[in-house]
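Colleague: everything below, folded, please.
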Amino acid sequence: MAHQFEESHPFGPAVARLVEQFSRLPGIGRKSAERLAHHILGCSKVEALALAESIRNVKEAIRPCSKCFNLTEGVLCRICSSSQRNKQVVCIVEQARDVIAMESSGAYEGVYHVLQGRLSPLDGIGPENLTIDALVRRVREDEVQEIVMATNPTLEGDGTALFISNLLAEHPVRITRLARGIASGSVLEFANREMLADAMRGRQAF
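Modeller: As a prediction, the model looks like this:
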């Protein structure tokens with residue numbers, strides 16, 4: 001199918017391949033992919049190559065933080081390396097983009113742990129596919145006092161939070177969750193800062 005599209009595109013296979021790559025981006029359909037491709041064709045070579053270089057650089061430079069698995073260019077992320085953050089309070093999120101959402105609230109002064117996903121047996125994602133083992137070690141070795149469950153309020157997110165809370169039941173750590181000002185079925189990255197701030201301040205026992 002892709003080969004036929006390349007052969008039939010009026011501008012040739014090179015543009016067809018560019019359109020195909022753009023169309024694989026989330027939220028980008030075929031028409032939007034065509035518009036992006038035309039933008040690349042219309043801009044200067046310097047601008048186009050700068051975009052390509054930025055993509056290459058980010059794929060080579062960005063890696064998971066060795067402590068919390070947030071994205072960073074160094075060994076530790078900015079939050080883990082900060083002396084101003086409370087290392088005894090750890091907020092559990094599903095993805096690195098959720099850290100950005102939580103930070104925008106301005107209501108949290110602890111650190112994070114990024115699971116890199118959520119439990120989803122139907123999709124073949126089990127505990128071994130997430131950073132849960134690293135979290136348990138962190139709770140034990142860093143003498144963590146509170147775990148804030150900030151997984152998304154979905155069936156899978158709540159199931160992941162329940163699994164982790166059961167796993168940590170034998171550890172002397174307080175487990176809380178965000179207040180349900182965040183509607184069930186929603187995701188953190190689309191919540192506004194006021195909603196997230198209220199949810200963080202109103203967190204309750206899990």
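
Colleague: secondary structure class for Arg138?
Modeller: Look at Arg138: counting by DSSP: H, G, I helix; E, B strand; the rest coil, its state is helix.

Colleague: residues in contact with it?
Modeller: 67, 90, 113, 144 (C-beta atoms under 8 Å, 6 or more residues apart in numbering). (Each C-beta comes from the backbone N, C-alpha and C, glycine too.)

Colleague: domain ranges for this protein?
Modeller: Using automatic domain parsing, the domain parsing of the chain gives 2-61, 71-205.

Colleague: looking at the contacts of Arg138, which has the most residues close by?
Modeller: When neighbours are counted by other C-beta atoms under 10 Å, His113 leads the contacts of Arg138 with 27 neighbours.

Colleague: partners of that one in the sheet?
Modeller: For His113, the residues forming beta bridges with it (DSSP bridges) are Ile92.

Colleague: check what pLDDT it gets.
Modeller: Per-residue confidence (pLDDT) for His113: 98.

Colleague: and the helices in the protein?
Modeller: 2-8, 13-23, 30-42, 45-61, 96-105, 132-141, 155-167, 193-201 (DSSP state H).

Colleague: middle-most residue in this structure, spatially?
Modeller: In the chain, the residue lying closest to the centroid (C-alpha atoms, centre = their mean) is Gln95, at 2.3 Å.

Colleague: got the contact list for that one?
Modeller: 114-117.

Colleague: on that earlier part again, now, which of the contacts of Arg138 lie within strands?
Modeller: 90, 113 (DSSP state E).

Colleague: ranking the domains of the chain by burial, who's on top?
Modeller: domain 71-205 (a mean of 17; mean count of other C-beta atoms under 10 Å).

Colleague: my guess is Val187 contacts Thr154, does it?
Modeller: Yes: here Val187 lies in contact with Thr154, judged by C-beta atoms under 8 Å, at a distance of 7.5 Å.

Colleague: how much space between Leu196 and Ile147?
Modeller: To Ile147, Leu196 is 18 Å away according to C-beta to C-beta, to the nearest Å.

Colleague: hmm, I typed the wrong one, I wanted Arg97.
Modeller: 20 Å.

Colleague: related to what we said a few turns ago, can you redo the contacts of Gln95 as a markdown table with distance to Leu18?
Modeller: Formatted as a markdown table, the contacts of Gln95 follow (distance: C-beta to C-beta, whole Å):
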| residue | distance to Leu18 |
| --- | --- |
| Val114 | 32 |
| Leu115 | 34 |
| Gln116 | 30 |
| Gly117 | 30 |
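
Colleague: for the residue lying closest to Glu103 once chain neighbours are set aside, give me its contacts.
Modeller: Spatial nearest neighbour of Glu103, excluding adjacent residues (C-beta to C-beta, 6 or more residues apart in numbering): Ile79 at 7.9 Å. By C-beta under 8 Å, 6+ apart, the contact set of Ile79 is 68, 70, 85, 99, 103, 111-112.

Colleague: give me the lowest-pLDDT entry from the residues you listed.
Modeller: Where pLDDT dips furthest among those: Glu103, at 93.

Colleague: if I look at that residue, how far off is Gln88?
Modeller: 18 Å.

Colleague: before we move on, back to that, so which of the contacts of Gln95 comes closest to Val136?
Modeller: Checking these against Val136 with C-beta to C-beta, the nearest one is Leu115 at 12.1 Å.
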